[in-house]
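Engineer: Model the structure of this input:
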Amino acid sequence: MDQLVFEEFIKKRSRGLVDVMENGILRGGVDWLNAGKPTGESRARRERSEYRVEVFERASERVERVPCRLVVRRG
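Structural biologist: Coordinates of the predicted model:
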């Protein structure tokens, strides 16, 4: 029963984060398959890095922190 309650709690709390990642990264218009490999510090690389930080910040705002005691799984 505890496991079921835990999984439902995590599922509810993580929905906002999943939405941000799916819409911001996966459907963000970047052709990840054909994107070139980075060569040194380029403007595009820096912009992608800044974008990831922005996505993380938006996700952090939308998803409440999960108490640490709930994340620790006991064997």
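
Engineer: What average pLDDT does the helix or strand encompassing R58 get?
Structural biologist: Using DSSP states H and E, R58 sits within helix 43-62. For helix 43-62, mean pLDDT is 82.

Engineer: what packs against that helix?
Structural biologist: Other elements packing on helix 43-62 under the criterion 3 or more CB pairs under 8 Å, 6 or more residues apart in numbering; DSSP states H and E are helix 2-21. For glycine as for every other residue, the C-beta is placed from the backbone atoms N, C-alpha and C.

Engineer: Please identify the buried residues of the helix it packs on?
Structural biologist: Within helix 2-21, the residues that count as buried by 16 or more other CB atoms under 10 Å are 16-17, 20-21.

Engineer: Please save the CA atoms from that helix in CSV.
Structural biologist: Output of helix 2-21 as CSV, limited to C-alpha atoms (Å, rounded to 0.1, in the frame of the first residue of the first chain):
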residue,chain,number,x,y,z
ASP,A,2,2.8,2.4,0.9
GLN,A,3,4.5,1.8,-2.5
LEU,A,4,1.2,2.6,-4.4
VAL,A,5,0.7,5.8,-2.4
PHE,A,6,4.3,6.8,-3.0
GLU,A,7,4.1,6.1,-6.8
GLU,A,8,0.9,8.1,-7.2
PHE,A,9,2.4,11.0,-5.2
ILE,A,10,5.5,11.1,-7.4
LYS,A,11,3.4,10.8,-10.6
LYS,A,12,1.3,13.8,-9.6
ARG,A,13,4.2,15.9,-8.6
SER,A,14,6.3,15.1,-11.7
ARG,A,15,3.7,15.9,-14.3
GLY,A,16,4.7,19.5,-14.5
LEU,A,17,8.4,18.6,-15.0
VAL,A,18,7.5,16.1,-17.7
ASP,A,19,5.4,18.7,-19.5
VAL,A,20,8.3,21.2,-19.5
MET,A,21,10.8,18.7,-20.7
